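Novice: Could you work out the structure for the sequence below:
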Amino acid sequence: MSTHRYAEYEEDDYEDYDETAEALDERPRRGIAHLVSALGGLLLTPVALGLLSWGGLRQQQLIQATLSTNRDPLGIALLAGGAILLLVVASLGALSAVGPILGGLIYGVLPGVAAMAVPDWGFRLVNLMPKSDIAYGVMDFLFIGGLLGVGFLLVGSGLANALVRRRREA
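Specialist: The predicted model follows:
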């Protein structure tokens, strides 16, 4: 007689256990998380980019016009507000990667690539906006590659969140 505590059980005594079917049943539904993240990415990203663009334009105009290092408090507040909103969009990736990826692709990567490939498209995109300081700021941000860079960072943030979630679920 064996001293091992499981020695008296035969292998045939165990039932077939399907882990994948039970694991799929236990996974929570993520539809609301995807929706909230997608809406946040689609609505907050253009606002954040507009604030960044406008604040950057104000700072640039002040420094170029006066040739001094004076600061514009409103420009600084706009830059900070835009940066905080982009942080919120990237943080939405904790709910679902959809938000940062959609926001980054639609408002950053696609316009940035289009403007670099065919600059006329960049001007046409900006002409769709009402003429204002925000439109001029967005045009500057577009043609210096700022939108492209922010777009890739948001997409990367979303992809990183998705990979971390997959590893935790595995």
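Novice: drop to CA atoms for contacts and neighbour counts, all remaining ones
Specialist: Noted.
Novice: burial of Val113, as a residue count?
Specialist: 17 (other CA atoms under 10 Å).
Novice: what stretches of this structure score poorly on pLDDT?
Specialist: Residues of the chain that meet the criterion pLDDT under 70 lie in 1-28.
Novice: Determine the set of other helices and strands touching the longest helix seen in it.
Specialist: Longest helix of the chain, by residue count under DSSP state H: helix 31-66. On a contact count with 3 or more CA pairs under 8 Å, 6 or more residues apart in numbering; DSSP states H and E, helix 31-66 meets helix 73-91, helix 98-104, helix 133-143.
Novice: Just say which of these is most tucked in.
Specialist: Sort the helices and strands packed on helix 31-66 by mean neighbour count, taking mean count of other CA atoms under 10 Å, and helix 98-104 sits at the top with a mean of 29.
Novice: got the contact list for that helix?
Specialist: Helix 98-104 has contacts (CA atoms under 8 Å, 6 or more residues apart in numbering) with 34, 36-42, 45-46, 89-90, 92-93, 150-159.
Novice: Enumerate the positions of whichever helix or strand comes after that helix that are buried.
Specialist: With elements assigned by DSSP states H and E, the helix or strand that comes after helix 98-104 is helix 110-117. Neighbour-count burial for helix 110-117 flags 110-116 (criterion: 16 or more other CA atoms under 10 Å).
Novice: Nearest to Met129 among those?
Specialist: Pro111 (13.4 Å; CA to CA).
Novice: What's the local residue count around the closest residue in space to that closest one that isn't next to it in sequence?
Specialist: Closest residue in space to Pro111, ignoring its immediate chain neighbours: Gly122 at 6.9 Å, by CA to CA, 6 or more residues apart in numbering. Using other CA under 10 Å, Gly122 is surrounded by 19 other residues.
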